[in-house]
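Peer 1: Here is the input, now give the coordinates:
(one chain, ligands or ions: 2)
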Amino acid sequence: MYDPKSKHAEDFINHEEIMETLDYARKNKTNRELIGEILEKAKKRKGLSHREAAVLLDCELDDKNQEIFTLAEQIKKDFYGNRIVMFAPLYLSNYCVNGCLYCPYHLKNKHIARKKLTQDEIRAEVTALQDMGHKRLAIETGEDPVNCPIEYVLESIKTIYDMKHKNGAIRRVNVNIAATTVENYRKLKEAGIGTYILFQETYHKESYLKLHPTGPKHNYDYHTEAMDRAMEGGIDDVGCGVLFGLELYRYEFAGLLMHAEHLEAVYGVGPHTISVPRIKKADDIDPDMFDNGIDDDTFAKIVACIRIAVPYTGMILSTRESKKCRERVLHLGISQISGGSRTSVGGYVEEEAEDESSEQFDVSDKRTLDEVVNWLMDMEYIPSFCTACYREGRTGDRFMSLCKSGQIQNCCLPNALMTLKEYLMDYASQDTREKGEAMIAREIQNIPKEKVRQIVREHLEEIEKGNRDFRF
Ligand code: SF4
Ligand code: SF4
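Peer 2: Numbers count the residues shown, from 1 in each chain. Ligands and ions are numbered 1, 2, ... in the order given. Prediction:
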């Protein structure tokens with residue numbers, strides 16, 4: 001039976017509840033009165049239930065759909081301003097004992113090059129990432145207890161945090177590794193990770209079992225309950241996501257929001273972020289093998305409805321998406337993007353020959369970080385390299401209560417401007433630097449408190465002199 005407070009996967013991601021939700025949404029897709037009521041509730045910016053959000057996702061009234069997009073855009077502006085936080089993935093190892101049908105790292109793929117970075121190779125990758133200007137990484141590994149045990153991941157995190165190269169430093173390491181034990185989550189917490197990220201891939205149990213025919217990941221309940229164990233291990237910032245294209249998107253959307261409701265109900269804090277990847281081509285993977293692919297219009301609607309349903313949850317978009325698609329959905333709710341990404345093991349130091357591919361998926365947006373930063377500023381977005389919250393202990397419910405009170409905004413803009421300044425001083429091209437300086441001069445006026453404005457001005461001068469790492 002559906003119970004968001006239960007810690008059993010089949011209760012909080014309850015199939016019958018999802019089917020009833022989809023039925024309810026279908027029956028009400030032109031119910032003007034109900035859709036109007038849901039939108040009124042959403043305007044209070046306290047979020048929506050999965051049922052309410054599912055009705056908006058299904059809505060077929062043009063004027064109401066326009067309202068949905070306008071509201072998503074407004075919520076994005078109110079909560080995240082025009083800032084976009086930058087990050088990069090770092091692939092440590094692609095050894096994997098699982099049989100996921102949509103990923104080229106699956107065990108049976110015998111011709112993909114298998115690699116695991118040594119600590120020296122990690123230092124070389126991190127040097128390359130720091131030289132691009134990155135401060136926030138998401139480390140990724142396949143699941144392989146022998147080739148890639150938790151000790152290796154912990155050692156790698158330490159190596160990354162210890163690396164100082166010129167003015168560079170990785171200040172936040174998020175971790176995307178397979179579902180594991182409470183004890184291992186506790187070790188990750190002690191290693192100082194930011195967010196623990198784990199994509200559900202699909203919430204549809206029957207499909208999940210078929211898509212993960214072999215390996216430990218086959219265990220749907222263990223995978224679905226991973227965030228509970230992470231929370232028990234003390235990690236209070238978790239990142240959810242599904243791989244759109246594997247199952248019907250309406251099902252995934254409802255499941256994703258039910259997962260968020262569950263975390264909120266049990267731990268008092270919903271997911272820190274939600275990622276919205278779509279299935280892409282890769283070594284021996286053809287996305288056409290999966291018949292639930294979604295077009296760009298549907299994708300934009302999903303992003304808008306997630307933004308409205310969980311306004312306090314950051315939303316992440318990767319370089320899987322093209323520049324055009326990214327342009328379209330940024331203003332609808334995305335708060336974090338990757339830039340200059342390589343999705344192969346060791347890819348920042350050495351680009352791979354085509355026949356030696358170890359990429360997890362094809363990158364659509366192949367621009368450099370500088371090009372992405374420049375492009376964001378052309379669209380009036382402030383690229384932010386901020387990592388302040390986690391370093392100031394603002395995680396989990398402390399972070400969420402600051403978000404809900406609106407206080408966090410007093411930190412985000414100053415931090416965005418100061419970290420952008422660091423980027424401009426240390427890594428930017430001439431053109432990017434000129435645009436960035438002009439943007440900082442304009443945006444500093446938008447810091448509401450004169451006292452904070454003054455402190456930011458002083459810190460900007462310090463950054464000019466070569467000092468680094470100021471934050472609120
Ligand atoms: S999705 Fe993850 S667990 Fe599955 S094969 Fe790829 S790397 Fe392994
Ligand atoms: S101040 Fe906190 S919420 Fe704002 S951008 Fe920085 S890390 Fe994110």
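Peer 1: So which residues on this protein come close to ligand 2?
Peer 2: Within the chain, the positions near ligand 2 by C-beta under 6 Å from any ligand atom are Val85, Ser384, Cys386, Thr387, Ala388, Cys389, Ile408, Cys411, Cys412, Asn415. For every residue, glycine as well, the C-beta is placed using N, CA and C.
Peer 1: repeat that with 5 Å
Peer 2: By the rule C-beta under 5 Å from any ligand atom, the part of the chain lying against ligand 2 is Cys386, Ala388, Cys389, Cys411, Cys412, Asn415.
Peer 1: Would you reformat the residues you listed as JSON lines and include distance to Gly293, pLDDT and neighbour count?
Peer 2: Rendered in JSON lines, the data for those read as follows (distance: C-beta to C-beta, whole Å; pLDDT from 0 to 100; neighbours: other C-beta atoms under 10 Å):
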{"residue": "Cys386", "distance to Gly293": "34", "pLDDT": "98", "neighbour count": "26"}
{"residue": "Ala388", "distance to Gly293": "38", "pLDDT": "96", "neighbour count": "22"}
{"residue": "Cys389", "distance to Gly293": "35", "pLDDT": "95", "neighbour count": "23"}
{"residue": "Cys411", "distance to Gly293": "39", "pLDDT": "94", "neighbour count": "18"}
{"residue": "Cys412", "distance to Gly293": "35", "pLDDT": "96", "neighbour count": "22"}
{"residue": "Asn415", "distance to Gly293": "38", "pLDDT": "98", "neighbour count": "23"}
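Peer 1: Quick one: these as TSV, columns for secondary structure too.
Peer 2: As requested, these are exported to TSV (DSSP: H, G, I helix; E, B strand; the rest coil):
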residue	secondary structure
Cys386	coil
Ala388	helix
Cys389	helix
Cys411	helix
Cys412	helix
Asn415	helix
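Peer 1: between those residues, which is nearest Glu359?
Peer 2: Glu359 lies nearest to Cys386 out of these, by C-beta to C-beta, at 28.7 Å.
Peer 1: just checking, that closest one touches Leu413?
Peer 2: No: under the contact definition of C-beta atoms under 8 Å, Cys386 does not touch Leu413, with a separation of 9.6 Å.
Peer 1: Can you pull the residues that touch both of the two?
Peer 2: Contact criterion C-beta atoms under 8 Å, 6 or more residues apart in numbering; residues shared by Cys386 and Leu413: Arg83.
Peer 1: which stretches of the stretch 301-450 of the chain form strands?
Peer 2: In chain order, the stretch 301-450 of the chain shows strands spanning 314-317, 336-338, 382-384, with DSSP state E, counting those that start in this stretch as the criterion.
Peer 1: Can you tell me which of these is most buried?
Peer 2: Neighbour counts (mean count of other C-beta atoms under 10 Å) averaged over each of these peak at strand 382-384, with a mean of 27.
Peer 1: Report all helices and strands that that strand contacts.
Peer 2: On a contact count with 3 or more C-beta pairs under 8 Å, 6 or more residues apart in numbering; DSSP states H and E, strand 382-384 meets strand 83-93, helix 369-378, helix 409-426.
Peer 1: May I have the strands that pair with it, each with its orientation?
Peer 2: strand 83-93 (parallel) (DSSP bridges).
Peer 1: and after the partner strand, which helix or strand comes next?
Peer 2: Along the chain past strand 83-93, the next helix or strand (assigned with DSSP states H and E) turns out to be helix 119-132.
Peer 1: which helices and strands does whichever helix or strand comes after that next one pack with?
Peer 2: For helix 119-132, the following helix or strand on the C-terminal side (DSSP H and E) is strand 136-141. If you count contacts as 3+ C-beta pairs under 8 Å, 6+ apart, strand 136-141 packs onto strand 83-93, helix 150-162, strand 172-176.
Peer 1: is any part of strand 136-141 close to ligand 1?
Peer 2: No: residues of strand 136-141 are not located near ligand 1 by C-beta under 5 Å from any ligand atom, the shortest gap being 7.5 Å.
Peer 1: I'd like the mean pLDDT over that strand, please.
Peer 2: The pLDDT scores in strand 136-141 average 98.
Peer 1: related to what we said a few turns ago, quick one: which of the helices and strands packed on strand 136-141 is nearest Arg442?
Peer 2: Taking C-beta to C-beta as the measure, the helices and strands packed on strand 136-141 were each checked against Arg442, and strand 83-93 came out nearest at 13.6 Å.
Peer 1: Okay, angle between that closest one and helix 150-162 too, please.
Peer 2: What separates the directions of strand 83-93 and helix 150-162 is an angle of 130 degrees, with axes from the mean of the first three to the mean of the last three C-alpha atoms, to 10 degrees.
Peer 1: How far away from the center of its chain is strand 83-93?
Peer 2: 9 Å (C-alpha atoms, centre = their mean, to the nearest Å).
Peer 1: Then stretch 433-453?
Peer 2: Taking the mean C-alpha point of stretch 433-453 and that of its whole chain, the gap between them comes to 27 Å (C-alpha atoms, centre = their mean).
Peer 1: Can I get that stretch in CSV? Just the C-alpha atoms.
Peer 2: Provided in CSV are the C-alpha atoms of stretch 433-453 (Å, rounded to 0.1, in the frame of the first residue of the first chain):
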residue,chain,number,x,y,z
ARG,A,433,36.9,38.3,-19.3
GLU,A,434,35.6,41.5,-20.8
LYS,A,435,32.0,40.2,-20.8
GLY,A,436,32.5,38.9,-17.3
GLU,A,437,33.9,42.2,-15.9
ALA,A,438,30.9,44.1,-17.4
MET,A,439,28.5,41.5,-15.9
ILE,A,440,30.0,41.8,-12.4
ALA,A,441,29.8,45.6,-12.6
ARG,A,442,26.1,45.4,-13.5
GLU,A,443,25.1,42.6,-11.2
ILE,A,444,26.8,43.9,-8.1
GLN,A,445,24.1,46.6,-8.1
ASN,A,446,21.5,43.8,-7.6
ILE,A,447,22.9,42.8,-4.2
PRO,A,448,20.2,44.2,-1.9
LYS,A,449,22.2,45.1,1.2
GLU,A,450,24.7,48.0,0.9
LYS,A,451,26.9,46.4,3.6
VAL,A,452,27.2,43.1,1.6
ARG,A,453,27.8,45.1,-1.6
